[in-house]
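[1] this one's structure only:
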DNA sequence: TAGTTATTTAGATAAATGTCTAAATATTAA
DNA sequence: TTAATATTTAGACATTTATCTAAATAACTA
């Protein structure tokens, strides 16, 4: 839960997640969308992966990233529990 | 959205939110629950208030804090949109 | 009014974070 | 094998963050 909140607590990472919602992309394609260096994007992707929000798969010389929405179930439940105020 | 994620990106603040889910509490009562100084808790409460996750009301010499769950609607929708993967 | 209690503000500090450039690694192609 | 391309790792640096103690502010109470 900690890693998940941490991963989402950054505008760039949230935008990456939104990009990956549309379609899988490789690291370079993702980096193109931002005015941030590739190493920085790589670091953001690493944090998203640590949170299990994305998965990565090597495809030749590219690394393709995909969104993993199952991990959002926990977050969703946490929020819903809060909303069911006692 | 930024302030909301920021507010939730801290274990202490998430615990405060969970406490306030059960009942309204004043700053001192909240601080008692943690091994953290009162000024630090006050600071956490300020961040939660900036995110509009809590509201505060002065009651005599005490300040009572309440959870505001309506702000969670945005977060909920953001997550649900992500889950509806295209 | 003077003292006590509740809370916040101010200022300091160590740790975490986001960013960069340069270098390393891995894969493809000539 | 050598060169080119894709990505990550390493190391540095400025900013943000969580925490603390001391001081300020506000509100009761004797």
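    Received, thanks. Everything quoted here is computed from the prediction, not taken from an experiment.
[2] Let me see the ranges of the helices in chain A.
    Under the criterion DSSP state H, chain A contains helices at A:2-8, A:11-22, A:27-32, A:38-50, A:72-83.
[3] If you rank every helix and strand of chain A by mean pLDDT, what lands last?
    When the helices and strands of chain A are scored by mean pLDDT, DSSP states H and E, helix A:72-83 comes last with a mean of 95.
[4] That one: which residues count as buried?
    By neighbour count, with 16 or more other Cβ atoms under 10 Å in any protein chain shown as the criterion, the buried positions of helix A:72-83 are A:72, A:75, A:76, A:78, A:79, A:82. C-beta coordinates here come from the backbone N, C-alpha and C atoms, glycine included.
[5] still on that earlier bit, output the helices of chain A in a markdown table, with distance to DNA strand D appended to each entry.
    Shown next, in a markdown table, are those (distance: least, Cβ to the nearest atom of the strand, whole Å):
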| stretch | distance to DNA strand D |
| --- | --- |
| helix A:2-8 | 10 |
| helix A:11-22 | 12 |
| helix A:27-32 | 2 |
| helix A:38-50 | 3 |
| helix A:72-83 | 17 |
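[6] Please identify the deepest-packed of the ones you listed.
    helix A:2-8 (a mean of 19; mean count of other Cβ atoms under 10 Å in any protein chain shown).
[7] by contact count, what packs against that one?
    helix A:11-22, helix A:38-50, helix A:72-83, helix B:2-8 (3 or more Cβ pairs under 8 Å, 6 or more residues apart in numbering or on different chains; DSSP states H and E).
[8] do you know which of these lies nearest residue B:29?
    Smallest distance to residue B:29 across the helices and strands packed on helix A:2-8 (Cβ to Cβ): 19.0 Å, for helix A:72-83.
[9] quick one: the closest one near chain B?
    Yes: judged by Cβ under 8 Å from any Cβ of the partner chain, helix A:72-83 and chain B are in contact via A:72, A:75, A:76, A:79, A:80, A:81, A:82, A:83.
[10] Wait, residue A:26 touches residue A:60, no?
    No: counting by Cβ atoms under 8 Å, residue A:26 stays clear of residue A:60, with 9.7 Å between them.
[11] Good, we can wrap up now.
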